[in-house]
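> predicted model follows, preceded by the sequence.
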Amino acid sequence: MKKIVKKCAERMWLLARWLVLAGVTGVVLGVLGGLFGRSITMVTAFRGTHPWMLYLLPAAGLLIVAMYRMDPYKTGTNRVLEGIQSDVYIPLRTAPLIAASTVLTHAFGASAGREGAALQLGGSIGGTFGRWLKLEDHDHKVMIMCGMSAGFAALFGTPLTATVFAMEVVSVGLMQYAALVPCCVAALLAKETAEFVGAHGEHFALPAVTVFDWRSGALTVLLAFCCAAVSILFCMTLHYTEHLYKKWIPNEWLRIVAGGCLIILMTKLLGTTAYLGAGMDIIELAMEGKVIAAAFLMKMVFTAVSLGSGFRGGEIVPTLFVGATFGCLFGQVTGLSPSLAAACGMAAVFCGVTNCPISSLLLSFELFGFDCMPFFLLSVSIAYLESGYYGLYQSQKILYSKTKLKYINTHTKE
């Protein structure tokens, strides 16, 4: 009886401990993430009414390079994942650096997202809290995951996805369930706190529910297969462009100036600013069934040029842009509801580039509701299988095969 009481007391203490630690992490990142999100919205709106800011993009790039001279580790999302896998140091300076550089990236027009930056912001702060409190190694890793969940939830307003994504993205095929309660608490509090400071997540309404029958099901299978190919192309484009930049322009100062000038040139040649920044307005148009045929390819190129040359931000919103515009185009061509196809495309391409099927499915539910569940389930499942072992994050481990019950323990392909 004493042993039972003792174990109950230990578990109650463990729960109380994580409620406090994760709660504080969630509130802090809710405030910081919310203010960061509002900053991105404000500078994007300002750039929209002051198009001359695009011409200062190379100068903003030089400022970003100068800022990152303060971080000898050149911390990115890959380093945050390595911090969970193998105790790699994530400096606190990552938080202000990624926040400021991402704001600059969006303010002057480079193509990037924000949620990837939120993962770095959260991982840095969560890991720092763990170091300050001198937690054991395994608890320190959980704190990094708490921070990732909180940052994602604060920026996107999707706490369910944020909770699972942090547990799923590190090692494909193995969920880190020990972090479930901490990540859950951190994500929920971060979302509520971010809304309190005026930052609200993304949600979309599908105009009508499509009946799931043999025709719509068959078209969804075809869409998912195509989205897997698009996700592979996107990953290869990002990685290959980065390698080319480093090969042909080794100097990082010249590299980012070249990237900024190329963004300006492409924007002027195309005569549109649709591919600058995150592009949430284009995603909204795709959800209404409106799309330019080449939009998904253009966004890939703009994002690859921007991130490959050294501008900072995330890949997740560009991924959603690519998925939504490709899906909408597929729907227009095949007769499947363009809005539904755009939603399925977002979930499928997100799954293909992150290798996180559960998170992708939950993301579709939080963004679009549960009414079209069969389409989302089919899209995500097939995209996961057919996208192979490519991924956005080169530090991500693939522990188990996608096709067999087999332990493979490899990294994603470049």
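Perfect, thanks for sending it. Computed from a prediction, not measured in an experiment: that's the story for all the values here. Numbering: from 1, shown residues only.
> okay, CA-based contacts and neighbour counts for the rest of this
Will do.
> which residue, neighbours along the chain excluded, lies closest to V301?
Nearest-residue entry for V301: T237, 7.5 Å, with adjacent residues in sequence omitted and distances by CA to CA, 6 or more residues apart in numbering.
> what average pLDDT does the helix or strand the one you found falls within get?
Assigning secondary structure by DSSP states H and E places T237 in helix 214-248. Averaged across helix 214-248, the pLDDT comes to 96.
> which elements pack onto it?
If you count contacts as 3 or more CA pairs under 8 Å, 6 or more residues apart in numbering; DSSP states H and E, helix 214-248 packs onto helix 295-309, helix 316-334, helix 338-354, helix 373-386.
> in this protein, where's the longest helix?
Longest helix of the chain, by residue count under DSSP state H: helix 2-49.
> show me what the next helix or strand after that one is packed against.
Downstream of helix 2-49, the first helix or strand assigned by DSSP H and E is helix 57-68. Applying 3+ CA pairs under 8 Å, 6+ apart, we find helix 57-68 packed against helix 94-108, helix 252-270.
> ok, G335 - how many residues close by?
12 (other CA atoms under 10 Å).
> so for A179, which of the helices and strands packed on helix 57-68 sits nearest?
Taking CA to CA, helix 94-108 is the member of those nearest to A179, at 21.8 Å.
> list the buried residues for the helix or strand following that closest one?
The first helix or strand that comes after helix 94-108 along the chain, using DSSP H and E, is helix 115-132. Residues 115-131 are the ones in helix 115-132 that count as buried (16 or more other CA atoms under 10 Å).
> after helix 115-132 comes which helix or strand?
Next element after helix 115-132 (DSSP H and E): helix 137-156.
> average pLDDT across that following helix?
Averaged across helix 137-156, the pLDDT comes to 93.
> could you check the angle helix 2-49 makes with it?
40 degrees (axes from the mean of the first three to the mean of the last three CA atoms, to 10 degrees).
> T44: how many residues sit nearby?
So T44, with other CA under 10 Å, has 23 neighbours.
> what sits against it?
By CA atoms under 8 Å, 6 or more residues apart in numbering, the contact set of T44 is H106, A107, G277.
> just K246 next, same as before
R255.
> how far away is it from G76?
17 Å (CA to CA, to the nearest Å).
> so which helix or strand of this structure has the lowest pLDDT on average?
Lowest on mean pLDDT, DSSP states H and E among the helices and strands of the chain sits helix 77-86, with a mean of 84.
> what sits up against it?
Contacts for helix 77-86 (CA under 8 Å, 6+ apart): 88-90, 116-117, 119-120, 123-124, 141-142, 144-145, 170, 393-396.
> let's see it at 10 Å
Under the contact criterion CA atoms under 10 Å, 6 or more residues apart in numbering, helix 77-86 has outside partners 73, 87-91, 116-124, 127, 137-138, 140-145, 148, 166, 169-171, 314, 392-397.
> and these, which of them are buried?
By neighbour count, with 16+ other CA under 10 Å, those hold 87, 89-91, 116-124, 127, 140-145, 148, 166, 169-171, 314, 392-397 as buried.
> contact partners for the closest residue in space to I382 that isn't next to it in sequence?
Counting by CA to CA, 6+ apart, I382 lies nearest to A224, which is 5.8 Å off, once chain neighbours are set aside. Residues in contact with A224 (CA under 10 Å, 6+ apart) are 218, 230, 327, 341, 344-345, 347-349, 352, 375-376, 378-387.
> quick check on these: which are buried?
Buried among those (16+ other CA under 10 Å): 230, 327, 341, 344-345, 347-349, 352, 375-376, 378-387.
> M280 versus the spatially most central residue of the chain, what's the distance?
Centroid-nearest residue in the chain, with CA atoms, centre = their mean: I316, separated by 3.2 Å. I316 sits at a distance of 12 Å from M280 (criterion: CA to CA).
> over to K397?
Per CA to CA, K397 is found 30 Å from M280.
> same question for L121.
Separation of L121 from M280 (CA to CA): 21 Å.
> check L269 too.
Using CA to CA, L269 is found at 22 Å from M280.
> pick out whichever of those two has more residues nearby.
Between L269 and M280, counted using other CA under 10 Å, M280 has the larger neighbour count: 17 against 9.
> returning to what we had before: between I316 and M280, what contacts are shared?
Common neighbours of I316 and M280 (CA under 10 Å, 6+ apart) are G113.
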